[in-house]
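Colleague: with the sequence up front, the predicted model follows.
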Protein chains: 4
Amino acid sequence: MTAEPVHFKTLNAPLQDVQQNVDARGVVLDAVGISRFDLPLVVVQKDGAHQRVTASIDLSVGLKATAKGAHLSRFVAQLAEWHASTETLCYDLRRFLTETCALQSSETASSDSAHVEMRFKYFVPKAAPVSKLVAPMAYDTVFKASLTPEQGYRFALGLTVPVSTLCPCSKAISEFGAHNQRAEISVMLDLPSDDDTMPVLWIEDLIEGLEAQGSCAVYPMLKRVDEKWVTERQYTNAKFVEDVARDVTLYLREVGKAGNISGFSLQIEALESIHGHNAFARHAEVMP
Amino acid sequence: MTAEPVHFKTLNAPLQDVQQNVDARGVVLDAVGISRFDLPLVVVQKDGAHQRVTASIDLSVGLKATAKGAHLSRFVAQLAEWHASTETLCYDLRRFLTETCALQSSETASSDSAHVEMRFKYFVPKAAPVSKLVAPMAYDTVFKASLTPEQGYRFALGLTVPVSTLCPCSKAISEFGAHNQRAEISVMLDLPSDDDTMPVLWIEDLIEGLEAQGSCAVYPMLKRVDEKWVTERQYTNAKFVEDVARDVTLYLREVGKAGNISGFSLQIEALESIHGHNAFARHAEVMP
Amino acid sequence: MTAEPVHFKTLNAPLQDVQQNVDARGVVLDAVGISRFDLPLVVVQKDGAHQRVTASIDLSVGLKATAKGAHLSRFVAQLAEWHASTETLCYDLRRFLTETCALQSSETASSDSAHVEMRFKYFVPKAAPVSKLVAPMAYDTVFKASLTPEQGYRFALGLTVPVSTLCPCSKAISEFGAHNQRAEISVMLDLPSDDDTMPVLWIEDLIEGLEAQGSCAVYPMLKRVDEKWVTERQYTNAKFVEDVARDVTLYLREVGKAGNISGFSLQIEALESIHGHNAFARHAEVMP
Amino acid sequence: MTAEPVHFKTLNAPLQDVQQNVDARGVVLDAVGISRFDLPLVVVQKDGAHQRVTASIDLSVGLKATAKGAHLSRFVAQLAEWHASTETLCYDLRRFLTETCALQSSETASSDSAHVEMRFKYFVPKAAPVSKLVAPMAYDTVFKASLTPEQGYRFALGLTVPVSTLCPCSKAISEFGAHNQRAEISVMLDLPSDDDTMPVLWIEDLIEGLEAQGSCAVYPMLKRVDEKWVTERQYTNAKFVEDVARDVTLYLREVGKAGNISGFSLQIEALESIHGHNAFARHAEVMP
């Protein structure tokens, strides 16, 4: 092959900024950014206290047709500064994304859309049903926000809550017992995009609301009196994944009527104790 | 403890079928089924030969408001029979999903929508660029099909192709060398839903088309002459993730013009060799 | 910084083989090789038929103090040739590893130790307990072999078998029902290294032996008559993870007495249906 | 179906404690406990400040031949109390494991061995090499401790540090450029078990020591001046995984001479930018 000449660039010359070039292909891109960036963040709890969580973050902007590329180091800089400030994480990431757009703008390019997704384990103290002994329990949580010219500011809250399900069929046909298993309820909730009214949907309340839809909640610490209660509760509250999906749907419709969400998607996946595979149900609705 | 005395239901009475009950909540569900069911399947290669793959499968039906539940064992039965038949897997899963709907129908319920997703590693023999030595290389592949009253039959093909990217900025500003890394191009392609014309989009061709958009393809086996070629090819073909996303977009528009796809989404994620986090670009389009 | 001159190496000069250099640090390394290499392989079933599996492979050699490096492309070449041959995979990987050592030897270096690990899903047709309906079920399997001057040839078989466990405490204290869950029994078995007697330990038999130690086996397909049987079997065979670990230990000691294994390690991990975390037991023994 | 009539056990009778029973099988077990229990913990940094991390924990005890089972809820209780106290996490988990043994002892059983493993992301502020801009960077960390009659107290520190490697072969044979990639150095270090001398091996120092063994460190935030430095540093410091493994070995031998570790195992795995698979090297030594 003929050699592409290896330029010995003048050492002290100002460094070229390739991302500033104009792109000739004329292709707009939905999102360009960084992914799987780990960062400690602070989330406000329902009781007003602050919880430090370990988040994995994706942050990106839309790219106009003429812009060669995004400035990836500015994403890190923004996140690092935000982390270093006393600022806490809440549902209103509008100001953060507005800043993201501004930081990505330069002579040759400007961004008017930005997206962020933050995944972390959120801890809630959970009391056993009878002994009332308390231990922390972790819930996988997602904050997902976007700012676009078409849709304005959008925020979605994702949450995964483990519960148990006890099979109504197994119970109905068996002499004794009924198979049951851990199951995971996962929801992604669209919050209303109205500027002025801060949505008031606490993760703590949502966990309680979702747990109530399984055959029984699951707990970090159970003494024998609790285990008896949980076992009997499961057995007297048999539910298919279909039942849980329907009850979660009814619950979320109520949340929607209160004005706290504008739409949702849900999944319930049960780690069947009689199979090596899982059972699942999935559903999505937009609030009327 | 004492014995196992719990005997209520008469042993020889016909077993109750709880899933046949009528549900009073009046809630339709998008999908109910089984997930992560492993099964060997046979895929037709471009050369006409058959390849046995190990698939992980999700299979589900929509649930009408009055139906209590889906018949989960019928999903497994259908898959097992399909596996046992000489039948091979191709893009036309319409007949399979039509059968899924029929198998789920009973006196009290009927399903008119079904969904299937099959994920597997597909192997293609890949020759080194100079020595031409050949070894098999695996590509993560997804077949995703649905049949609904609203949209009829839909099929989407997902494929992940690893390539390398070499950073244009790093090359432009450095005296020598340029950082490069493995990156993954993932696409999900909507195939035209027209009944009569079988789409002719071979996985083998798609891999080649996508590999051509990175700074260089990656290979299972490289001798020194190949490694020299690959290194120099990367260096003379520097690309940001933005460049790869745009070039994949242009490539897929061409595929769309040929009538082989009706829409696509793509992601390119680079395992940056200078960071602990990744860089990514994402885009989606519907063919005009 | 002062520039390291970028050599325009003469194009037609023979390519330097850096790995052939002598290393001055005097550091022996246990293993150098390739990891996560995907390859279809053929395994002999108990019934004599051949099963094509999708394996993920690690292959390595020990490195002597003076050898600069291993020849990574030769690992791929050996695997590709082996894949292309009609050869099937069995427990005797001694010849394969002897070849690995030979292929890595060169003027300046020689390897006298080699290691290989192959992970794949192995399918076994599994009949429901009452209806006898059959569907394939997948089991995570590992073949792990090494050849070293100190220990000669060693082979270990790893297998993960899902079962269910039903909690004896929950059953004893509750008015009705008992919590149960999917649990995974994982074993790693050292096979006797004696040259002449091929060990006769079929994966199919081992699966049956391990499944018998849970509260009940799990199945791919269960009709209502089967589900009734499984539910009642679980309930009348309550076991803690400790019980399963002990019963697997007793079972494996029997296998050892028959001369089929020389040692084992085991783990049982239960996806507790009353907690978000798991319960586990672990144990290892060397046959006397 | 009709009601829930199954009532055998008298409701107010004291609840049976099945785990207190004597086991007749006579099988000792190495470890019984809970796994994947998530908990926020506090780790002391080198600068004396406290860092709250999100840990995933396995905690277990050995089980004597006569003991029916371990008391799983006591593991959770101990962890929850420990979490609630102001206590911080350090290498000396001896007192914690002594307490674990004591908490598991009862009339019929006593445990004299205990094991704990805590996995978490640990954040360190990391400055870019030229601009000196700082951002947090996460490192996967493991604390692993055991207390047994045979070996007394043992502590091992695990750490994974991403670096980059640039291929010496690719550099030597190519006209320009050289392939490079992200690679992960993972070590597990046995700390001396001597009671009186607290080992002084800070995670912060270990990260620095390991990063120095790659072709170059990786960073969360790099401006163009930094990217130029990193690119040129990689290129002038080409290393195979074998080289990194040897240099880490020499580094850890020095740490051992200083009395800070009594043994180690290491792995370096490179996400090759020219292949879809990885290259790796592995080694272990006991300090003389």
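Modeller: Noted; the coordinates are in hand. Numbers count the residues shown, from 1 in each chain, chains lettered A, B, ... in the order given.
Colleague: residue of chain A with the smallest distance to chain B?
Modeller: Minimum separation of chain A from chain B (Cβ to the nearest Cβ) falls at A:F176, amounting to 3.6 Å. All C-beta atoms are positioned from the backbone trio N, CA, C, and that covers glycine.
Colleague: helix, strand or coil for that residue?
Modeller: Classification of A:F176 by DSSP: H, G, I helix; E, B strand; the rest coil places it in coil.
Colleague: quick check: phi and psi at it.
Modeller: phi -160, psi 160 (degrees, to the nearest 10).
Colleague: what about it, how many residues nearby?
Modeller: By other Cβ atoms under 10 Å in any protein chain shown, the residues close to A:F176 number 22.
Colleague: from chain D, how far off is it?
Modeller: Per Cβ to the nearest Cβ, to the nearest Å, A:F176 is found 7 Å from chain D.
Colleague: from B:T141, how far off is the closest residue to A:T141 other than its chain neighbours?
Modeller: Excluding the flanking residues, the one nearest A:T141 by Cβ to Cβ, 6 or more residues apart in numbering or on different chains is A:Y122, at 4.4 Å. Note on A:Y122: its distance to B:T141, by Cβ to Cβ, to the nearest Å, is 35 Å.
Colleague: now the helix or strand hosting A:A284: buried residues?
Modeller: Here A:A284 sits within strand A:278-286, counting by DSSP states H and E. Of all the residues in strand A:278-286, those buried under the rule 16 or more other Cβ atoms under 10 Å in any protein chain shown are A:N278, A:A279, A:F280, A:A281, A:R282, A:H283, A:E285.
Colleague: using a markdown table, lay out those together with pLDDT.
Modeller: Formatted as a markdown table, the buried residues of strand A:278-286 follow (pLDDT from 0 to 100):
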| residue | pLDDT |
| --- | --- |
| A:N278 | 98 |
| A:A279 | 98 |
| A:F280 | 98 |
| A:A281 | 98 |
| A:R282 | 98 |
| A:H283 | 98 |
| A:E285 | 98 |
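Colleague: any low-confidence regions in chain A?
Modeller: A:1-14, A:19-20, A:86-87, A:107-109, A:194-199 (pLDDT under 70).
Colleague: what bridges to the spatially most central residue of it?
Modeller: Centroid-nearest residue in chain A: A:V142, 1.6 Å away (criterion: Cα atoms, centre = their mean). Beta-bridge partners of A:V142, counted by DSSP bridges, are A:R119, A:G158.
Colleague: the strands in the stretch 101-250 of chain A, which residues?
Modeller: Assigned by DSSP state E, counting those that start in this stretch, the strands in the stretch 101-250 of chain A fall at A:114-127, A:134-148, A:152-166, A:180-191, A:216-217.
Colleague: quick one: residues in contact with the last one.
Modeller: The contact list for strand A:216-217, computed with Cβ atoms under 8 Å, 6 or more residues apart in numbering or on different chains, reads A:P129, A:V163, A:S164, A:L166, A:E211, A:V230, A:R233, A:Q234, A:N237, C:I274.
Colleague: unless I'm mixing things up, the third one is touching C:H275, no?
Modeller: It stands for A:S164. No. Checked against Cβ atoms under 8 Å, the pair A:S164 and C:H275 is beyond contact range at 9.3 Å.
Colleague: who touches both of these two?
Modeller: The contact lists of A:S164 and C:H275 share A:R182, A:V218, where a contact means Cβ under 8 Å, 6+ apart.
Colleague: which bits of the stretch 1-150 of chain A sit near chain D?
Modeller: Contact residues (Cβ under 8 Å from any Cβ of the partner chain) of the stretch 1-150 of chain A with chain D: A:1, A:3-4, A:6, A:15, A:17, A:37-40, A:52-54, A:73, A:76-77, A:79-80, A:83, A:120-121, A:123, A:133-138.
Colleague: the same query, at a cut-off of 6 Å, please.
Modeller: A:3, A:6, A:15, A:38, A:40, A:52, A:54, A:73, A:76, A:80, A:121, A:123, A:135, A:138 (Cβ under 6 Å from any Cβ of the partner chain).
Colleague: for chain A, which residues are neighbours of chain C?
Modeller: By the rule Cβ under 6 Å from any Cβ, the part of chain A lying against chain C is A:6, A:162, A:164, A:170, A:173-182, A:218, A:224, A:227-228, A:230-232, A:235, A:271, A:273-276.
Colleague: for chain A, which helix is longest?
Modeller: For chain A, the helix with the greatest residue count under DSSP state H is helix A:241-257.
Colleague: and that helix, what does it pack onto?
Modeller: Judged by 3 or more Cβ pairs under 6 Å, 6 or more residues apart in numbering or on different chains; DSSP states H and E, the packing partners of helix A:241-257 are strand A:263-270, strand A:278-286.
Colleague: distance to chain B for those - can I get that in a markdown table?
Modeller: A markdown table is the format used below for those (distance: least, Cβ to the nearest Cβ, whole Å):
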| stretch | distance to chain B |
| --- | --- |
| strand A:263-270 | 6 |
| strand A:278-286 | 4 |
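Colleague: next one: A:L222 from C:E269, what distance?
Modeller: Taking Cβ to Cβ, one finds A:L222 at 18 Å from C:E269.
Colleague: for these two, indicate the residue with more neighbours.
Modeller: When neighbours are counted by other Cβ under 10 Å, A:L222 and C:E269 differ, and A:L222 comes out ahead with 27 against 20.
Colleague: quick one, phi/psi of the more buried one?
Modeller: Main-chain torsions, A:L222, degrees, to the nearest 10: phi -130, psi 120.
Colleague: right, and it touches A:K126 too?
Modeller: No. Assessed by Cβ atoms under 6 Å, A:L222 is found out of contact with A:K126, at 10.5 Å.
Colleague: inside helices: which ones of the residues of the stretch 1-150 of chain A next to chain D?
Modeller: Going by DSSP H, the helices hold A:S73, A:V76, A:A80 from those.
Colleague: any idea how far the last one is from D:K126?
Modeller: Using Cβ to Cβ, one obtains 10 Å as the distance from A:A80 to D:K126.
Colleague: and those two? Which one has more around it.
Modeller: D:K126 (22 against 19).
Colleague: got a list of what that one touches?
Modeller: D:M137, D:Y219, D:P220 (Cβ atoms under 6 Å, 6 or more residues apart in numbering or on different chains).
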